[in-house]
Each structure stands twice: as structure tokens, then as C-alpha cells.
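Peer 1: Build the 3D model from these lines:
(one chain, ligands or ions: 1)
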Amino acid sequence: MTNIIPLSELRTQIDAIDQQILQLINQRAKCALEVARTKQAEGETGSFYRPDREAQVLRRIKELNPGPLSDDAAAHLFREVMSACLALEKPLEVAYLGPQGTFTQQATFKHFGHAVKDVPVPTIHEIFQAVETGHCQFGVVPVENSTEGVIAHTLDRFMDSPLKICGEVEIRVHQNLLGKMDGLIGISEVFSHQQSLAQCRQWLNTYLPGVTVTAVSSNAEAARLASLDHGKAAIAGLVAAELYDLNIIEKNIEDEANNTTRFIIIGAQQPASTGLDKTSILVSTGNQSGALHRILGPFAEYGISMVHIESRPSRQGLWDYVFFIDIEGHRDDDAVAKALKVLQNNVKMLKILGSYPKAVI
Ligand SMILES: O=C(O)C(=O)C[C@]1(C(=O)O)C=C[C@@H](O)C=C1
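Peer 2: The predicted model follows:
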């Protein structure tokens, strides 16, 4: 039989290790404070947040991780350590699509860690505004969902905003039916954000046929409304259930098993190249033939992978479209810089929305 170590002995070991970890984390925090002093001495006045450096730190942790902790678990721990260190340097205010309990709040914490000051804002337009006016340094907005496609509001807002994309984060979205009731019987109305309703369309048709479905401004708002009326339910995340003290009537009711939403971080900053980046651009060709060929040609020529392309009406003329494109690489990388230069000459308008590190966690 293997030697079983007494619980008390193991706990003594854990206490000693915790003490060492605590000392090391504080040593790291002191270092971060020195970083802040250096940044100040160098005349840095804006945000001390460095998305490129954070991505490098987290990637390195994943590479170094000897286990048995998973690479993701290790990265999440360091995500929080860095978040606390940055809060010591200079607290960060981040606007997100509120109220509390939305998936955008979850995305904010996943990307920035929990030491950030999260500021709930009611609409995507106002998130852009909060960052444009300097009320918050960064904003988090949804940009596309694997089931429902792009969030048009977000893309359209980039047409006239000076803000840049400085990061991305993905959330695996589970939808749940929440309410004060105990089961499906007697539900008279279901509230949710229109995106979430669309993600659960088949489930609603199958299990709640004929029940009134009402779109509201956010899932958290839906949960709040459901908490006021025992006959009404909400579709939202589990955080909202906890926040509004609702029963979980049915879990994971999304129609697609891999329902994922991608969020982007908007701000004035332009992260440096990390070697694993994406660049988002906005292109207008005017209403000309061969437009798509003129756009895609330079990327093919320089061997650059296109990750996503989306067209939207330009709002400047009938059948005039703009293209939102995500490519692999950073605008300062040689091949990307050359391709963008050629593209610039091929099109009516090219706006680089940002180069940023690919999501690490
Ligand atoms: O390296 C920096 O510039 C730091 O401010 C330190 C640090 C860290 O804790 O590692 C903290 C915040 C930044 O966003 C990036 C990294």
C-alpha cells in the first residue's frame, strides 16, 4: 500500500508554500510599482496597461508551466496577479455593456482580471463614447457570435470613431432559462437580449411554443425583469441568476453546442507586435466591379491569411459597401506592412482599426 501522508502534515506544507507564494507575489508587485515609476519618469501620462506585454507574459507562463495545473489554469492565475499589479501602478477603468451580470462583463474580467474597475454602460454606442471622451480608458464590446454572426452596431460604430482595437477575448456562451418559478408550466413571457433569443430560437419553439418572447436591452435586464414577476422568465447567463436570485429552470439551452461570442477591446492605444497578432481593417472600394479582387489580391501576394471578412452598407450611397477584414499579423510586420501599402493604392479608403495580440486565455 502506498504511504498515505497525514492531512495535518500536508496542510502544514501548504501553509509554508502559501507563505512563499505570498512573498513572491508581493516582490512582483514591488517590481510593477517600479515599472510605474519608470513609465512616469519617461513622461507616460496615459494608461499603464500594456496588452502586448500581458499577452507575452501569459504565453510564457503557458510554455513554462510544468503541471499538474493545466496551462489555462496557470494563465488564469497569472492573469489575476498581473491585474492586481496593474491596479497598484494605476487603476484602470473599463466600460462594458451593462448592467452587471452580462456576458460582456464576464469578457471584461476574463481579459483584464478582476482588479479592473468595470463601468457598466447601457449601449454599444455609449461604450464608444465613454472611451472617446476619456471617461474610461478602454471599452469591451461584442463583435461576433458563432451562431448569429456579426454585431452590426459595433462594426458600424467604427466607421466614424477614432478608437482602435487593442485586444480580443472569446467567451463560450451558455444560455439558461431563469425565473422565480420551478418549471416550464405557466410561463407567460420570456425576456432576453435579441442575440440571446436568436441563439435559443429552436429551443423556445420546441419547449415554449406560443409563449410571448420580448427582446430587451441586455440579458441582465431580462433577469431583473424576471425577478419582479413570478410568471415571467429570462434567458441569461448563470451570473445573472445569482445576481437576481433566480432559479435555473433549464441549463444550456443554446441551439449550437459551441456557441461562442468574440469581444474586442477598444481604446486609444496601439499595442506593439508580439509575433502572434491580428490586424483589423475597414476598406471601401466604391461601387466598382472587381472590388473584392482588388482587396484580396495584396494579401494573397504576401502570403497573409485572412481570418474574417464582413460587408456592411457604407451609408454613403445605394449599394455602396465597406468591408471589415481581419488578417493574421501586425501592421508593423514586414509582409503585412507591404500588403497594406499595396491595398491602400487599390481602394478608395483604408482605415486600420488596430493590430493587437491574439487572445491567450
Ligand atoms: O511591463 C509592464 O509594462 C507592466 O506594467 C507590468 C505588468 C505586469 O504585471 O507584468 C502590469 C501591467 C501591464 O499591463 C503589463 C505588465
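
Peer 1: same for the longest helix along the chain, what does it pack against?
Peer 2: The longest helix of the chain (DSSP state H) is helix 7-41. With contacts taken as 3 or more Cβ pairs under 8 Å, 6 or more residues apart in numbering; DSSP states H and E, helix 7-41 sits against helix 71-89. (Each C-beta comes from the backbone N, C-alpha and C, glycine too.)

Peer 1: Return the angle between stretch directions for the helix it packs on and helix 7-41.
Peer 2: Orientation check (axes from the mean of the first three to the mean of the last three Cα atoms, to 10 degrees): helix 71-89 against helix 7-41 gives 50 degrees.

Peer 1: Show me what helix 71-89 packs onto, helices and strands only.
Peer 2: Judged by 3+ Cβ pairs under 8 Å, 6+ apart, helix 71-89 is in contact with helix 7-41, helix 51-64.

Peer 1: any chance you could map the strands in the stretch 201-350 of the chain?
Peer 2: Counting by DSSP state E, counting those that start in this stretch, the stretch 201-350 of the chain has these strands, from start to end: 212-215, 232-236, 247-250, 260-267, 277-284, 306-313, 321-328, 349-357.

Peer 1: Can you give the distance of the fifth one from its chain's centre?
Peer 2: When you say that, I think you mean strand 277-284. Here the centre of strand 277-284 is set off from its chain's centre by 17 Å, with Cα atoms, centre = their mean, to the nearest Å.

Peer 1: Tell me the residues on the chain that lie near the ligand, please.
Peer 2: 32, 35, 48-50, 53-54, 57, 82, 85-86, 89 (Cβ under 6 Å from any ligand atom).

Peer 1: at 5 Å instead, please
Peer 2: 32, 35, 49-50, 53-54, 82, 85-86 (Cβ under 5 Å from any ligand atom).

Peer 1: The nearest residue to Ala291 once chain neighbours are set aside: neighbour count?
Peer 2: By the measure of Cβ to Cβ, 6 or more residues apart in numbering, the closest residue to Ala291 outside its immediate chain neighbours is Thr285, 3.7 Å from it. By other Cβ atoms under 10 Å, the residues close to Thr285 number 22.

Peer 1: pretty sure Leu238 contacts Ile248?
Peer 2: Yes: using Cβ atoms under 8 Å, Leu238 makes contact with Ile248 at a distance of 7.0 Å.

Peer 1: So for these two, which sits in the more crowded spot?
Peer 2: The neighbour comparison of Leu238 against Ile248 (other Cβ under 10 Å) goes to Leu238, with 16 against 12.

Peer 1: and that one, what is it in contact with?
Peer 2: Contacts here follow Cβ atoms under 8 Å, 6 or more residues apart in numbering; on that basis Leu238 touches 174, 176, 248.

Peer 1: what does Val360 give?
Peer 2: Val360 makes contact with 55, 58-59, 62, 75 under the criterion Cβ under 8 Å, 6+ apart.

Peer 1: tell me which element it is part of?
Peer 2: Using DSSP states H and E, Val360 sits in no helix or strand.

Peer 1: From the ligand, how far out is it?
Peer 2: Between Val360 and the ligand the computed distance is 13 Å (Cβ to the nearest ligand atom, to the nearest Å).

Peer 1: any idea how far that residue is from Leu64?
Peer 2: Distance, Val360 to Leu64, by Cβ to Cβ, to the nearest Å: 14 Å.

Peer 1: With Gln106 instead?
Peer 2: Shown here: Gln106 relative to Leu64, a distance of 27 Å by Cβ to Cβ.

Peer 1: More neighbours: which of these two?
Peer 2: Legend: neighbour count by other Cβ under 10 Å for Gln106 and Leu64, higher for Gln106 (21 against 9).

Peer 1: Settle this for me: the more buried one is touching Ala236, isn't it.
Peer 2: No: taking contacts as Cβ under 8 Å, Gln106 lies outside contact range of Ala236: 11.3 Å.

Peer 1: State the mean pLDDT of stretch 252-259.
Peer 2: Stretch 252-259 carries an average pLDDT of 94.

Peer 1: outside of it, which residues touch it?
Peer 2: The contact list for stretch 252-259 (Cβ under 8 Å, 6+ apart) reads 145-147, 172-177, 199-203, 207, 235.

Peer 1: which of those residues count as buried?
Peer 2: With burial judged by 16 or more other Cβ atoms under 10 Å, the buried subset of the contacts of stretch 252-259 is 145-147, 173, 175-177, 199-200, 203, 235.

Peer 1: Looking at the residues you listed, which gets the smallest pLDDT?
Peer 2: Lowest pLDDT among those: Thr147, 89.

Peer 1: re the thing from before, so which of the contacts of Leu238 would you say is closest to the ligand?
Peer 2: If you rank the contacts of Leu238 by distance to the ligand using Cβ to the nearest ligand atom, His174 comes first, at 29.4 Å.

Peer 1: quick one, phi/psi of the closest residue to the closest one other than its chain neighbours?
Peer 2: The shortest distance from His174 to any non-neighbouring residue, by Cβ to Cβ, 6+ apart, is to Asn252 (5.0 Å). Main-chain torsions, Asn252, degrees, to the nearest 10: phi 50, psi 60.
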